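Asks: dropping a prediction and its sequence here:
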Amino acid sequence: MRTEQWYKDKVFYQIWPRSFKDGNGDGMGDLYGVYEKLDYIKSLGCDGIWFSPLYPSPGVDCGYDISDYMDIAEEFGGMEAFKKVLDGAHARDMKVIMDLVVNHTSTEHEWFKKSRERIEPYTDYYIWRPAKPNGKLPNNWDSLFEGKAWQWDEVRQEYYMHLFAIEQADLNMDNPLVREEVKKVLRFWLDMGVDGFREDVITFISKKEGLPDDYIMPASKGFNYFNHGPHLHEYLEEFHRDVFSKYDCMTLAEAPMVTPKVALKYIDETNAPVLDMMIQFATQEADCMFTDFVHMPFNLRKLKKAYSDWQNGLEGKGWNMLYIENHDHPRMVSRYGSEKFREASAKMLAVSYMFLKGTPFVYQGQEIGMSNWYPSDPEMYEDVQTLWQYHNVGTKKSPEKRLERLWHGSRDSARTPVQWDSTENAGFSTMTPWFYVNDNYKEVNVAMQEQDADSVLNFYRKVIKLRKELSCVRHGNYTEYNKSSSKLYVYAREDEKQKILVVCSYSEAMEEFKAPAGFDLRKAELILNNYDGAATSVLKPYETRVYLWQK
Ligand code: GLC
Ligand code: CA
């Protein structure tokens with residue numbers, strides 16, 4: 001049973017294990033490396049860790065294709081290393097949440113191997129369908145990663161559904177036995193002491209009955225029939241009732257295309273919530289549409305609207321999960337910020353979301369302002385989705401344009417090893433790493449930034465410390481100003497003790513700034529900024545300021 005909503009006071013750090021830190025010198029990030037860096041993570045002010053999948057996996061989707069839910073991959077150090085990290089985190093008063101990936105399993109999972117042989121009770125663990133009489137696929141749905149959502153299986157002589165890679169077979173959550181398996185997995189980790197789960201594409205687990213053809217969506221066919229499907233709430237309620245409600249844990253659900261109104265069906269604290277938080281995508285869509293591969297010019301007004309819709313939409317009812325980066329999107333400095341003004345914009349981006357209401361997450365490397373990776377050759381990419389896009393979309397365009405599309409869209413941009421220092425391999429590993437290191441590691445790395453009081457890294461520490469000290473950030477209300485500006489994001493947070501005004505410039509140029517009515521800057525304390533010198537009525541490129549009024 002949970003006695004308090006502890007997740008509301010935490011700042012989480014996301015670890016994408018392959019690229020965080022190699023502790024045993026084989027070129028692959030692992031839990032030995034994590035153990036070494038626990039104090040570092042804590043020193044940021046982070047007191048929670050979300051682990052992207054650590055389980056055994058063939059690695060087709062870098063661990064999101066799981067072949068055993070109740071173990072830790074050998075390459076990451078196995079169960080022993082995990083328990084050590086878990087204890088080490090708890091000893092530092094840090095929570096640990098795992099990734100729960102149960103929309104699909106790897107086709108190497110025992111359940112799938114038995115299911116394709118029709119061995120009971122596994123026969124109906126997956127979504128199998130015969131070919132249509134005319135030899136056509138069971139329906140016209142698309143997978144999000146690789147072509148159509150169906151793959152023919154020679155052994156079973158039927159198609160199975162895969163909404164992601166071919167090797168990620170969708171589980172049949174309508175089968176009660178599958179839901180029991182999920183609950184077993186949950187209890188296994190919760191009994192071991194983990195503090196909750198980030199639930200991977202959990203809003204896809206219930207598919208519309210009859211799996212009808214989709215004549216509505218122009219692309220991503222089927223999306224409306226598997227996202228927020230008919231039994232989603234019921235299944236989440238079942239997991240909550242039978243498992244989560246019995247433990248002191250939190251749940252965070254990944255939810256593509258969700259609106260605040262729909263989110264409240266699941267997270268409304270005043271009305272039997274079945275989840276604690278949801279990961280929205282709206283704040284990722286200010287320079288693209290639906291996927292990062294459909295690139296567009298950055299539009300600050302779109303971003304501001306997304307922030308405000310979520311702040312206002314959940315107020316008094318639900319709790320926001322706040323983030324700017326994760327392992328699925330290119331780096332923010334290269335997107336909403338500027339590589340030319342890397343430091344200033346990285347700091348501004350930190351401020352832009354850290355003073356909002358909710359629980360913030362920091363993705364590895366974000367805290368030093370890591371930027372995108374620009375390989376010279378498309379074949380250098382690893383990511384299954386990126387490679388499929390490259391070989392199948394826009395193939396008639398020039399080689400330069402095709403490569404550029406990957407630079408903007410690929411998840412691999414944010415998956416290069418963390419840059420720890422300026423030695424070989426960026427101090428990530430003593431061996432050649434499993435993946436390329438960003439060329440800029442000699443200028444951008446943790447060791448250098450530790451020595452510099454004004455670094456992005458030390459700025460993050462300041463921001464996180466302030467957000468924890470200021471009661472209005474935790475409890476206060478939210479008001480947006482300068483709404484029509486396409487250069488400035490300005491918002492206030494206020495409670496009975498204090499108010500703050502947060503000013504963020506998303507511009508490479510100098511911008512006029514006038515405080516909104518009712519905010520007398522002469523009576524305020526400037527508690528945070530990213531440029532030296534007096535704060536004037538003109539904002540420098542990517543300048544950010546936080547003003548405080550005590551009541
Ligand atoms: C989620 C994960 C992503 C993964 C996909 C399929 O979106 O964040 O990394 O590829 O689900 O599991
Ligand atoms: Ca290793």
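Replies: Sure thing, it's come through. Ligands and ions are numbered 1, 2, ... in the order given.

Asks: so how far is Asp22 from the residue in the stretch 351-500 of the chain that ligand 2 sits nearest to?
Replies: Nearest residue of the stretch 351-500 of the chain to ligand 2: Ser429, at 7.1 Å (C-beta to the ion). Placement of C-beta: from N, CA and C, glycine included. Remark: distance between Ser429 and Asp22 (C-beta to C-beta, to the nearest Å) = 4 Å.

Asks: now do the shared contacts for these two.
Replies: Met28, Gly29, Pro417 (C-beta atoms under 8 Å, 6 or more residues apart in numbering).

Asks: for Lys42, give me its contacts.
Replies: The contact partners of Lys42, by C-beta under 8 Å, 6+ apart, come to Arg92, Met94.

Asks: that one sits in which helix or strand?
Replies: Assigned by DSSP states H and E, Lys42 belongs to helix 38-43.

Asks: cool, Ala306 as well?
Replies: Per DSSP H and E: helix 300-314 holds Ala306.

Asks: once you drop chain neighbours, what's closest to the most centrally placed residue in the chain?
Replies: Taking C-alpha atoms, centre = their mean, the centroid of the chain lies closest to Asn326, which sits 3.9 Å from it. Excluding its sequence neighbours, the residue lying closest to Asn326 (C-beta to C-beta, 6 or more residues apart in numbering) is Tyr363, at 5.0 Å.

Asks: wait, that neighbour sits on Gln14?
Replies: Yes. At 4.6 Å, Tyr363 and Gln14 qualify as touching, with contact defined as C-beta atoms under 8 Å.

Asks: now for the two: what residues contact both?
Replies: Asn326, His327.

Asks: related to what we said a few turns ago, how far away is the residue of the stretch 351-500 of the chain closest to ligand 2 from ligand 1?
Replies: Relative to ligand 1, Ser429 is positioned 22 Å away (C-beta to the nearest ligand atom, to the nearest Å).

Asks: any idea how far that residue is from Leu470?
Replies: For Ser429, the distance to Leu470 - C-beta to C-beta - is 39 Å.

Asks: more neighbours: which of those two?
Replies: Between Ser429 and Leu470, counted using other C-beta atoms under 10 Å, Ser429 has the larger neighbour count: 25 against 21.

Asks: quick one: which of the shared contacts of Ser429 and Asp22 is nearest ligand 1?
Replies: Of all the shared contacts of Ser429 and Asp22, the one with the least separation from ligand 1 (C-beta to the nearest ligand atom) is Gly29, at 15.6 Å.

Asks: hmm, that closest one is touching Glu36, no?
Replies: No. Using C-beta under 8 Å, Gly29 is not in contact with Glu36, being 11.2 Å away.

Asks: and stretch 155-174, what's buried?
Replies: 156, 158-174 (16 or more other C-beta atoms under 10 Å).

Asks: do the same with stretch 431-440
Replies: Quick answer for stretch 431-440 (16+ other C-beta under 10 Å): Pro433, Trp434, Phe435, Tyr436, Val437, Asn438, Asn440.

Asks: buried set for the helix or strand containing Glu400?
Replies: Assigned by DSSP H and E, Glu400 belongs to helix 399-409. Buried residues in helix 399-409, counted by 16+ other C-beta under 10 Å: Arg402, Leu403, Arg405, Leu406, Trp407, His408, Gly409.

Asks: redo those residues as TSV? Include pLDDT and distance to Gln5.
Replies: Shown next, in TSV, are these (pLDDT from 0 to 100; distance: C-beta to C-beta, whole Å):
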residue	pLDDT	distance to Gln5
Arg402	98	47
Leu403	98	46
Arg405	97	42
Leu406	98	41
Trp407	97	40
His408	95	38
Gly409	97	36
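
Asks: what's the closest of these to Ser371?
Replies: Of all those, Ser371 sits closest to Trp407, with 11.2 Å by C-beta to C-beta.

Asks: that closest one and ligand 1: what is the separation?
Replies: Applying C-beta to the nearest ligand atom, the value for Trp407 to ligand 1 is 19 Å.

Asks: residue contacts, that residue?
Replies: Pro330, Asn372, Tyr374, Ser413 are the contacts of Trp407 under C-beta under 8 Å, 6+ apart.

Asks: hmm, which two among the residues you listed are most spread apart?
Replies: Pro330 and Tyr374 (10.6 Å).

Asks: more neighbours, these two?
Replies: Neighbours were tallied for Pro330 and for Tyr374 using other C-beta under 10 Å; the higher tally belongs to Pro330 (26 against 15).
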